[in-house]
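Chemist: Model the structure of this input:
(one chain, ligands or ions: 1)
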Amino acid sequence: MKLNAGTYEIIIESGSIAKTGEYAASAVKPCRTLVVSDDNVYPLYGKTVEESLTGAGFDVAESYVFPHGEEQKNLTTFSAILEHMAAQHLTRTDVVFALGGGVTGDMTGFAAACYLRGIRFVQIPTSLLAMVDSSVGGKTAVDLSAGKNLVGAFHEPSLVICDPEVLSTLPADFFTDGMAEAIKMGMLGNRALFDGIRDKALTTAQIIEMCVTDKRDIVARDFRDNGERQKLNLGHTVGHALEVLSDYTIRHGHAVAAGMHVITRASAARGLCSEELLRALDAALVAAGLDPMLCSRHSVEDLHRGTLHDKKLRGNTISLVIPREIGVSELMKFTTDELTDIIRAGIEA
Ligand code: GLY
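Modeler: Below is the predicted model:
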């Protein structure tokens, strides 16, 4: 499947990683290329991508491989990638390939956005989470010690290549991680996706296609994240707090799953959605192998403190995505004090 996302294409095809060169050649003119990846992914697919690029006439620079893990998504690794781009003599017309999960895609995309004030990059997501969410839409960033994705830029890729076959090498926990974002997309606007995940009736490729199509459409309507796109943050305010509190031992999708439970439970308690919606969400999360109750291990105060660096804060108010029913959600503003009550209602019985 080939999706047009305005200025770039998204390829979703089994075996497409071995055709990287061919697809890249249809998106950009022959140039120097650099693959950035981590030490989990590069040994699996790095050479395949580089040989494919060479075969299609690209000049391949020495790749940059960093240690895997969310804790690497920082300004130190980011700066090392930039230094490597310069050492490899990349110029304005050259292209960087982000080969890996969300950490690699976000950080490499941000380096591409900054190097020489912006060069092109291609996303080759190798985790389900990166395929269904982070590789599409041009959000790039690194973390600060205060919180997730606090420094970044909007910088769209020139091409996204999703090869569902590579997911077969993912540990189960990483696969489950991506399912949380897929359930989120279902909650936001796609009942067939939501029900299909809960009933285990969809193939992975179908899930990726449905998520990417929906995300592409939302981003096309609100690229700069001023309105509708903010709904993609469903469950993320509390989810990010949980990730930081756990020192990133709880992965993003698992934390978002728990965050969605908290906000839906609090919404049900306030009469903003039905108890039935909460039950349906929990059923879908459990069917995908996610634990909706992870936040209950933490105190309201700790979770609340973790939300205070959220990018959605404006002064002492924050916009939260309130689920109303499957396919209907609303951005509502709350004070940070009200947020404490929401977290309490979301974790306490
Ligand atoms: N991951 C949320 C967004 O792209 O807006």
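
Chemist: contacts, neighbours, all on C-alpha from now
Modeler: Will do.

Chemist: where does the chain have its least confident helix or strand?
Modeler: The helix or strand of the chain with the lowest confidence, counting by mean pLDDT, DSSP states H and E, is strand 313-314 at a mean of 80.

Chemist: strands paired with it, and their directions?
Modeler: Paired neighbours of strand 313-314 in the sheet (DSSP bridges): strand 317-325 (antiparallel).

Chemist: List the buried residues of the strand it pairs with.
Modeler: Within strand 317-325, the residues that count as buried by 16 or more other C-alpha atoms under 10 Å are 318-325.

Chemist: What pLDDT does the model give the residue nearest to the spatial centre of the chain?
Modeler: In the chain, the centroid-proximal residue (C-alpha atoms, centre = their mean) is residue 134; its distance is 3.0 Å. Residue 134 carries a pLDDT value of 94.

Chemist: Just give the nearest non-adjacent residue to it, would you?
Modeler: Spatially, and ignoring its direct neighbours in sequence, residue 134 is nearest to residue 102 (6.0 Å; C-alpha to C-alpha, 6 or more residues apart in numbering).

Chemist: could you list every residue that touches the residue lying farthest from the centre of the chain?
Modeler: For the chain, the largest distance from the centre (C-alpha atoms, centre = their mean) belongs to residue 57, which lies 31.1 Å off. If a contact means C-alpha atoms under 8 Å, 6 or more residues apart in numbering, then residue 57 has 21, 30 as its contacts.

Chemist: If we use 10 Å, what do you get?
Modeler: Residue 57 is in contact with 21-22, 25, 29-32, 51, counting by C-alpha atoms under 10 Å, 6 or more residues apart in numbering.

Chemist: For PyMOL, write the selection for the buried entries among these.
Modeler: Of these, the buried ones go into a single PyMOL selection, burial set by 16+ other C-alpha under 10 Å:
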select buried, resi 21+22+25+30+32+51
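
Chemist: so where do the strands sit in the stretch 101-250 of the chain?
Modeler: Taking DSSP state E, counting those that start in this stretch, the strands of the stretch 101-250 of the chain run over residues 120-125, 139-144, 147-154, 159-162.

Chemist: who does the first one pair up with?
Modeler: Strands that pair with strand 120-125, judged by DSSP bridges, come out as strand 95-100 (parallel), strand 159-162 (parallel).

Chemist: what's the closest of those strands to the ligand?
Modeler: Smallest distance to the ligand across those (C-alpha to the nearest ligand atom): 14.1 Å, for strand 159-162.

Chemist: how far out from the middle of the chain is that closest one?
Modeler: Relative to its chain's centre, strand 159-162 lies at 14 Å (C-alpha atoms, centre = their mean, to the nearest Å).

Chemist: Could you check that strand and say which residues are buried?
Modeler: For strand 159-162, the neighbour count (16+ other C-alpha under 10 Å) marks 159-162 as buried.

Chemist: ranges for the helices of the stretch 151-300 of the chain?
Modeler: Applying DSSP state H, counting those that start in this stretch to the stretch 151-300 of the chain gives helices spanning 172-189, 191-198, 204-221, 236-245, 252-269, 275-287, 300-306.

Chemist: and those as a markdown table, adding distance to the ligand?
Modeler: Shown next, in a markdown table, are those (distance: least, C-alpha to the nearest ligand atom, whole Å):
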| stretch | distance to the ligand |
| --- | --- |
| helix 172-189 | 9 |
| helix 191-198 | 18 |
| helix 204-221 | 7 |
| helix 236-245 | 9 |
| helix 252-269 | 11 |
| helix 275-287 | 19 |
| helix 300-306 | 19 |
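
Chemist: Tabulate these (CSV), appending mean neighbour count.
Modeler: Below are these laid out as CSV (neighbours: other C-alpha atoms under 10 Å):
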stretch, mean neighbour count
helix 172-189, 23
helix 191-198, 20
helix 204-221, 19
helix 236-245, 26
helix 252-269, 27
helix 275-287, 19
helix 300-306, 18
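
Chemist: Switch the strands paired with strand 120-125 over to JSON lines; also include mean pLDDT and distance to residue 271.
Modeler: Listed next are the strands paired with strand 120-125 as JSON lines, based on pLDDT from 0 to 100; distance: least, C-alpha to C-alpha, whole Å:
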{"stretch": "strand 95-100", "mean pLDDT": "98", "distance to residue 271": "41"}
{"stretch": "strand 159-162", "mean pLDDT": "96", "distance to residue 271": "40"}
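
Chemist: want to try TSV for these, with distance to residue 303 as columns?
Modeler: As requested, the strands paired with strand 120-125 are exported to TSV (distance: least, C-alpha to C-alpha, whole Å):
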stretch	distance to residue 303
strand 95-100	30
strand 159-162	34
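
Chemist: So the residue nearest to the centre of the chain is in contact with residue 125, correct?
Modeler: Yes - at 8.5 Å, residue 134 counts as touching residue 125 under the criterion of C-alpha atoms under 10 Å.
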